[in-house]
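Undergrad: no sequence on this one, just coordinates:
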């Protein structure tokens, strides 16, 4: 089986690539989770986040947006003592800020799903990259979404983070053409 060049032999990476990355996701809880995890990953490797994912789920109420929005400063300070997550103050506190912004976005659009997928007319962008070097780190569309989210008071949503988010939730299919999963996701 051929996989994208970024996938190492780590079982977490393999499972994530084969079962999740690039699969269109529409569940609001999962979308919120991926938005928070992509922000937590900023400046780090994705494998670091994958190794801590279950701890994040426990620390942030299984990414229930309402529960995260209601977390107190004391709750967040407690999370900063948890070695099971990335203990960056700005990233930890951004989870609550983004949850509150997400609630407003849900109020305005009906769901996170409706908001994010409206940017691509509810259809994944099908790219045809032959190598990892061709895959961009951002696009004009990720620039637009990033800018819009920042106006809506989200943080840790720069254009590169948003493009990674788009790849993760299947808004764009960036499996390279030699990857077994390219045709699966392009069906």
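TA: That came in fine, so what should we check first? Everything numeric here is computed off the predicted structure, so don't read it as measured data.

Undergrad: which residues does the closest residue to residue 28 other than its chain neighbours contact?
TA: Residue nearest to residue 28 in three dimensions, not counting chain neighbours: residue 112, with 4.5 Å by C-beta to C-beta, 6 or more residues apart in numbering. From N, CA and C alone the C-beta is placed, and that goes for glycine too. Residue 112 makes contacts with 28, 31-32, 65, 102, 105-106, as judged by C-beta atoms under 8 Å, 6 or more residues apart in numbering.

Undergrad: for residue 179, same thing?
TA: Taking C-beta under 8 Å, 6+ apart, one finds 2-4 in contact with residue 179.

Undergrad: please redo it, this time with the cut-off set to 10 Å
TA: Neighbour list for residue 179: 1-5, 7, 17-18, 22, 129, 132, 173, 185 [criterion: C-beta atoms under 10 Å, 6 or more residues apart in numbering].

Undergrad: once you drop chain neighbours, what's closest to the residue minimising distance to the centre of the chain?
TA: By C-alpha atoms, centre = their mean, the mean C-alpha position of the chain lies nearest to residue 34, the distance being 3.1 Å. Distances taken as C-beta to C-beta, 6+ apart place residue 168 nearest to residue 34, at 5.0 Å, with adjacent residues excluded.

Undergrad: just checking, residue 168 touches residue 39?
TA: No: between residue 168 and residue 39 there is no contact under C-beta atoms under 10 Å: 11.8 Å.

Undergrad: what's near enough to touch the nearest residue to residue 120 once chain neighbours are set aside?
TA: Nearest non-adjacent residue to residue 120, counting by C-beta to C-beta, 6+ apart: residue 171, 5.4 Å away. When contacts are counted by C-beta under 10 Å, 6+ apart, residue 171 is found next to 22, 24-25, 116-117, 119-120, 122-125, 141-142, 145, 162-163, 165.

Undergrad: now with 8 Å, please.
TA: Applying C-beta under 8 Å, 6+ apart to residue 171 gives the contacts 24, 116-117, 119-120, 124-125, 165.

Undergrad: buried among the residues you listed? Make that a PyMOL selection.
TA: Selection command for PyMOL covering only the buried members of the contacts of residue 171, criterion 16 or more other C-beta atoms under 10 Å:
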select buried, resi 116+117+119+120+124+125+165
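
Undergrad: nice, that's everything, thank you.
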